[in-house]
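J.: build the 3D model from these lines:
(one chain, ligands or ions: 1)
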Amino acid sequence: MKKRSIWHNLRRGYGIVHRLTPAYIPLTIVSSFIKAVQPLTVLYLSARIINELAGERDAGRIALYAALAVGLAFAGSAIQAAATRRITTLNSTLWTRFYFFLGKRYMELNYDQVEDTRNNERLADIEAKTNGNGLGILRLHYSLPELLQALFELAGSILLCFGMFTAASSFEHAFITSPLATGLLILLILFNLPFTYALKKREKRIQKKVFEENPKSNTYVHFFNEYMQSKNAAKDIRLYKQAQAIEDHYNQSVGAEFWYRIFDLFGKNNALAAAMNAVLGGCVYLFIGLRALYGMYPLGSVVQYIGAVTGAVGALAKLVSVLGNYMTNNPYLSLAFDYLDLPDHLQQSKGSRPIPQEGLEFEFRDVSFKYPGSDDYAIKRLSMTLTIGERLAVVGLNGSGKTTMIKLLCRLYEPTEGVITLNGVDIRDYDYAAYMGAFSVVFQDFKLYAFSLGHNVAASERYDAAAAEASLIMAGLGDKLKKLPQGLHTYLHKDYSDEGVEISGGEAQKIALARALYKNAPFVILDEPTAALDPIAEFEIYSRFNELIGGKSAIFVSHRLSSCRFCHDIAVFHEGRLIQRGSHDELIADRSGKYAELWNAQAQYYVGA
Ligand SMILES: Nc1ncnc2c1ncn2[C@@H]1O[C@H](COP(=O)(O)OP(=O)(O)OP(=O)(O)O)[C@@H](O)[C@H]1O
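T.: Next up, the predicted model:
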């Protein structure tokens with residue numbers, strides 16, 4: 001984790017809070033000011049009234065003080081109530097905007113960063129520390145009223161204490177009325193500060209230790225919470241009776257005993273701080289009461305000074321505690337900023353060349369690739385060309401590097417060695433977004449969302465309905481579309497609409513295919529496009545493949561070699577290498593080649609049947 005100063009983190013953190021909810025900080029300043037100053041005003045005016053009652057008893061002045069106390073309390077409470085109402089709404093707004101802010105950043109990360117477990121753990125940790133422990137950026141917004149209130153209370157209380165040092169003109173001189181006694185009281189008050197600070201520092205140390213001893217607890221909790229409620233896992237949880245194992249693992253990994261230790265410490269610290277404050281409060285009462293006995297202060301002022309000094313002591317303790325909380329929170333601000341500052345090495349540092357409009361030709365030049373953190377090459381010394389208008393089928397065993405080749409082509413990853421070019425120019429020199437726009441890809445693990453069908457096909461709420469319908473018909477979903485109650489407006493699944501329809505795995509694959517067709521990009525890449533389709537739907541897709549793809553280029557990855565036959569160009573991958581390339585007839589002719597081996601392995605089931 002990068003070391004960042006607390007001031008830098010606080011400035012940046014509050015900048016984010018302000019950006020997410022601009023009214024929050026100004027309103028909190030107003031509200032904290034009123035909250036802190038209102039009781040002090042009442043204290044001051046009460047003291048004036050008591051002094052009047054014990055002294056000149058001027059009814060006009062007494063009425064004025066009383067009216068001021070009531071008027072100011074009324075106005076203050078009214079403003080305070082309005083501000084509090086708004087702040088309460090902003091609290092929940094800030095919460096939702098903050099999670100959107102984190103999620104948006106995740107969507108903007110480079111793909112390799114998304115697949116990097118360290119980043120996922122980091123994000124899970126940020127979310128868990130925010131939710132479970134109230135730490136990180138959202139802690140700042142809870143700390144702000146505490147900080148401001150303590151500051152305003154301290155300033156107001158000090159103001160009300162001033163009279164203590166300019167006492168009545170005649171009083172009995174003794175140790176308690178001497179400036180030395182005042183100095184001793186101030187020392188006692190200040191002694192309280194390092195004590196509170198030491199307690200906070202200890203809290204920080206233990207909390208850090210606890211988090212270090214059980215670093216994965218938040219990741220586990222995050223994972224299990226999602227897994228237990230995941231629709232996709234529901235079948236496996238039931239069939240493999242995973243519930244008990246999940247519960248056992250959950251209980252082991254949440255580290256409940258660590259939390260007992262932390263809260264035990266917090267409780268002890270709070271009790272110590274309260275005891276210390278009680279001792280201090282007693283000393284203040286004794287000090288001011290004795291001074292009043294010696295005739296140093298009038299009766300009303302005794303009330304004011306006791307209130308002001310105990311107020312100042314409380315405010316100081318709160319201030320030290322808030323500053324201590326800022327210290328404790330600082331590593332979790334750094335954690336959030338490390339995530340927000342992940343370098344954008346794929347998108348920013350690269351060129352801005354526009355994509356050529358015609359005659360696209362991609363070339364892998366001696367490309368090798370290792371996944372981050374892996375010692376093995378997923379792609380080894382790959383050299384091949386892909387030209388617009390051509391159709392290429394890619395075949396090979398599981399794990400032979402087919403999908404990785406596609407990820408590299410789409411710039412989801414950068415080659416570890418070698419270079420990929422488009423029309424002779426390194427693909428990294430092209431504008432990133434425009435480059436991405438050149439591909440329509442259906443990955444094996446595509447995702448649809450539970451919104452309307454049209455929204456899914458266009459990947460947007462606004463879309464060209466005719467084009468969306470045409471894409472669905474092309475992808476083989478025309479009949480289903482006719483039967484849907486609200487056509488393109490029909491929701492998939494029932495998560496967000498009671499009228500939503502459930503779809504089969506094959507239908508989902510057709511929708512994903514329609515989405516790729518709707519994008520209308522010059523390169524169409526289909527990774528196992530028919531794995532979930534029934535034989536008739538598969539046959540239809542392949543027999544209409546040329547119509548489907550038109551003048552575009554297509555790469556499709558398939559394990560069903562029979563479906564590759566219509567392709568005149570087949571690339572065979574094995575252990576990360578391109579080992580054969582040619583038409584079906586050419587490849588099958590090489591009887592000892594991998595293609596023939598794969599073909600024969602599949603064919604024997606059909607022939608034998
Ligand atoms: N995100 C990843 N991190 C680390 N290694 C990975 C990752 N994805 C794939 N690999 C590894 O890279 C190699 C190639 O995987 P790839 O997904 O490209 O194979 P494939 O030919 O598409 O396989 P399949 O036919 O099963 O889809 C495999 O050994 C795999 O374990």
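
J.: separation between the most centrally placed residue in the chain and the ligand?
T.: What sits nearest the mean C-alpha location of the chain, by Cα atoms, centre = their mean, is Leu102, with 3.0 Å. Taking Cβ to the nearest ligand atom, to the nearest Å as the measure, Leu102 falls 22 Å from the ligand. Backbone N, C-alpha and C define where each C-beta goes, glycine included.

J.: in contact with that residue, which residues are there?
T.: 123, 126-127, 339 (Cβ atoms under 8 Å, 6 or more residues apart in numbering).

J.: how about a cut-off of 10 Å?
T.: 123, 126-127, 130, 136-137, 336, 339-340 (Cβ atoms under 10 Å, 6 or more residues apart in numbering).

J.: go on, Pro39?
T.: 73, 76, 153, 156, 307, 311.

J.: not counting its neighbours along the chain, what's nearest the third one?
T.: So the one you mean is Glu153. Ala315 (3.8 Å; Cβ to Cβ, 6 or more residues apart in numbering).

J.: hmm, Leu154 and the one you found touching each other?
T.: Yes: Ala315 lies in contact with Leu154 (Cβ atoms under 10 Å); the separation is 3.9 Å.

J.: can you check which residues contact both of these two?
T.: Ala36.

J.: if I look at Ala531, what pLDDT would I see?
T.: Ala531 carries a pLDDT score of 69 in this model.

J.: which one of the contacts of Pro39 is nearest Gly593?
T.: Glu153 (83.4 Å; Cβ to Cβ).

J.: list the buried residues of stretch 214-230.
T.: Within stretch 214-230, the residues that count as buried by 16 or more other Cβ atoms under 10 Å are 214, 217-224, 227.

J.: for the closest residue to the ligand within the stretch 101-250 of the chain, give its distance to Leu409.
T.: Per Cβ to the nearest ligand atom, the residue of the stretch 101-250 of the chain with the smallest distance to the ligand is Glu115, at 4.6 Å. To Leu409, Glu115 is 16 Å away according to Cβ to Cβ, to the nearest Å.

J.: the more surrounded of the two?
T.: Leu409 (21 against 16; other Cβ atoms under 10 Å).

J.: test my guess that the more buried one contacts Phe362.
T.: Yes: counting by Cβ under 10 Å, Leu409 touches Phe362, with 6.5 Å between them.

J.: and Tyr430, its phi and psi?
T.: phi -90, psi 150 (degrees, to the nearest 10).

J.: Ile189 touches Val320, doesn't it?
T.: No: between Ile189 and Val320 there is no contact under Cβ under 10 Å: 11.6 Å.

J.: okay, the residue nearest to Asp464 when sequence neighbours are not counted: pLDDT?
T.: In space, and not counting its chain neighbours, Asp464 is closest to Ala458: 7.3 Å by Cβ to Cβ, 6+ apart. Predicted confidence (pLDDT) for Ala458: 91.

J.: Ala458: how many residues sit nearby?
T.: 21.

J.: OK, contacts around it?
T.: With Cβ under 10 Å, 6+ apart, Ala458 has these contacts: 452, 464-465, 467-468, 471, 488, 514-515, 518-519.

J.: of those, buried ones?
T.: 452, 468, 471, 488, 514-515, 518-519.

J.: identify the residue nearest Leu140 in space, chain neighbours excluded?
T.: Using Cβ to Cβ, 6+ apart, the closest residue to Leu140 is Gly13 (4.7 Å).

J.: how about the strands in the protein?
T.: Secondary structure of the chain (DSSP state E): strands at 361-370, 377-387, 391-396, 417-422, 425-426, 439-442, 523-527, 553-557, 569-574, 577-582.

J.: tell me which residues in the longest one are buried?
T.: Along strand 377-387, these residues count as buried under the neighbour rule (16+ other Cβ under 10 Å): 377-380, 382, 386.
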